Each structure stands twice: as structure tokens, then as C-alpha cells.
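**Q** Fold the following and give me the result.
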Amino acid sequence: MRKITLITTGGTIEKTYDEHTGELANRQSIVRRMLDELRLEETEVKVTEVMSKDSLEMTDADRVLILEAVRVTGACEDGPTQGVVVLHGTDTLALTGEHLYVHLGIPRVPVVLTGAMRPFEMKHSDAFQNLTEAIFATGVLPPGVYCVAHGRALAFPGVRKDTQRGTFVKT
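**A** Numbering: from 1, shown residues only. Below is the predicted model:
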């Protein structure tokens with residue numbers, strides 16, 4: 001049984017629509033609903049909810065919390081996890097990825113950040129694809145810190161969001 005840890009932080013991927021207020025916002029993690037739609041053979045996913053924020057509202061203190069959540073998984077020393085997925089908002093995903101790259105050292109497992117340009121609940125969302133790719137990537141990538149989205153795995157450092165293309169690129 002492959003064991004991975006999925007850390008949720010919010011972001012567009014987990015935004016939900018409130019029909020009473022007309023607001024699209026992060027209220028609580030919906031990743032378990034997403035996982036229920038996947039067929040994950042011989043894969044156990046442990047979900048850890050760290051926060052539920054739009055990444056534009058994240059602070060340096062929030063990035064420290066994410067770093068500590070990754071460390072607790074055993075990603076850097078002996079532990080049960082064989083990979084870590086961090087669900088994150090795309091606007092500042094690269095900042096958090098760089099922070100993890102600098103402060104984690106070389107993890108013993110792949111640490112994969114992913115998000116979505118459109119919420120899971122909306123039509124034409126990339127959320128389900130990116131989550132699926134990120135989970136798969138933990139089983140095939142060597143140890144390191146990555147951004148996985150839109151069919152590509154990009155290793156940190158040097159990843160940024162390209163708003164014109166609506167994806168991540170390597171600089």
C-alpha cells in the first residue's frame with residue numbers, strides 16, 4: 001500500500017459557490033469530495049487541513065505553517081509517507097514552492113504542489129486533472145519539490161505562474 005499525505009491550504013481549487021451571497025470563497029476543504037471520485041488502487045491518502053485561504057491572503061507565517069506540515073509528514077526523515085501533495089492557490093504557489101525548496105533541504109520523497117485556475121465546482125475546471133496528476137507524480141518523481149499541473153512536472157527552484165498562458169512555467 002502506497003501512503004501519501006495531502007495537505008490542504010485552500011486556493012481556487014477548493015473554492016465553493018454560496019448561492020445565497022453569490023460569493024466564491026474558501027470556506028472548508030472539499031478535497032475529500034474530489035478524492036471520492038478517484039480510483040486509487042493500493043494508495044492511501046491521509047488528508048491534513050492546514051488552512052483554507054486564498055493564496056493572495058497568505059503570509060510568510062502561513063508558509064512556515066505549510067513547511068511545518070510537510071516536515072511532520074516525515075518527508076525529510078523516516079516516516080510513513082511516500083509522497084506529499086500540497087493543494088495551494090495558484091497565485092502564490094511559486095512563493096510557497098520556493099520557500100519549501102529553500103527550507104526543507106532535500107526531502108526523502110517527492111513534495112508536489114498543485115492548484116487550479118478554476119474551482120473544482122465550476123465547469124471546465126483543471127482541478128480534478130491537476131489533483132490526479134499530483135497524486136500520480138508522488139509515485140514516479142524522484143525526491144524534490146515540484147509544481148505539477150497541466151500535464152507537466154516542474155522542479156523548484158525557478159517555477160512561476162504565467163498568467164498569459166494560464167499555467168506554470170520554468171524560468
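
**Q** How about residues contacting the top strand by length along the chain?
**A** As assigned by DSSP state E, the longest strand anywhere in the chain is strand 43-53. Residues from elsewhere that reach strand 43-53, judged by CB atoms under 8 Å, 6 or more residues apart in numbering: 1-11, 14, 26-29, 31-32, 35, 62, 65-66, 69, 72-73, 81, 89, 135, 139. C-betas here are computed from N, CA, C, even on glycine.

**Q** what about residue 148, which SS state?
**A** Counting by DSSP: H, G, I helix; E, B strand; the rest coil, the backbone at residue 148 sits in strand.

**Q** no no, residue 103
**A** Strictly by three-state DSSP, residue 103 counts as helix.

**Q** mind listing what it touches?
**A** Neighbour list for residue 103: residue 67 [criterion: CB under 8 Å, 6+ apart].

**Q** Now do the buried residues in stretch 148-160.
**A** Neighbour-count burial for stretch 148-160 flags 148, 149, 150, 153, 154, 155, 156, 159, 160 (criterion: 16 or more other CB atoms under 10 Å).

**Q** residues contacting the third one?
**A** Yep, that's residue 150 we're talking about. 126, 129, 130, 167, 168.

**Q** distance of it from residue 130?
**A** Noted for residue 150: a distance of 7 Å to residue 130, by CB to CB, to the nearest Å.

**Q** Next: residue 111.
**A** 15 Å.

**Q** Which one's more surrounded, those two?
**A** residue 111 (28 against 25; other CB atoms under 10 Å).

**Q** just checking, that one touches residue 147?
**A** No. Checked against CB atoms under 8 Å, the pair residue 111 and residue 147 is beyond contact range at 10.4 Å.

**Q** Quick one: end-to-end distance for stretch 158-168.
**A** 10 Å (CA to CA, to the nearest Å).

**Q** Could you list the buried residues of it?
**A** Per 16+ other CB under 10 Å, stretch 158-168 contains these buried residues: 159, 160, 161, 167, 168.

**Q** Let me see the mean pLDDT of it.
**A** For stretch 158-168, mean pLDDT rounds to 95.

**Q** Stretch 104-122 too?
**A** Taken as a whole, stretch 104-122 carries a mean pLDDT of 84.

**Q** I appreciate the help and will end here.
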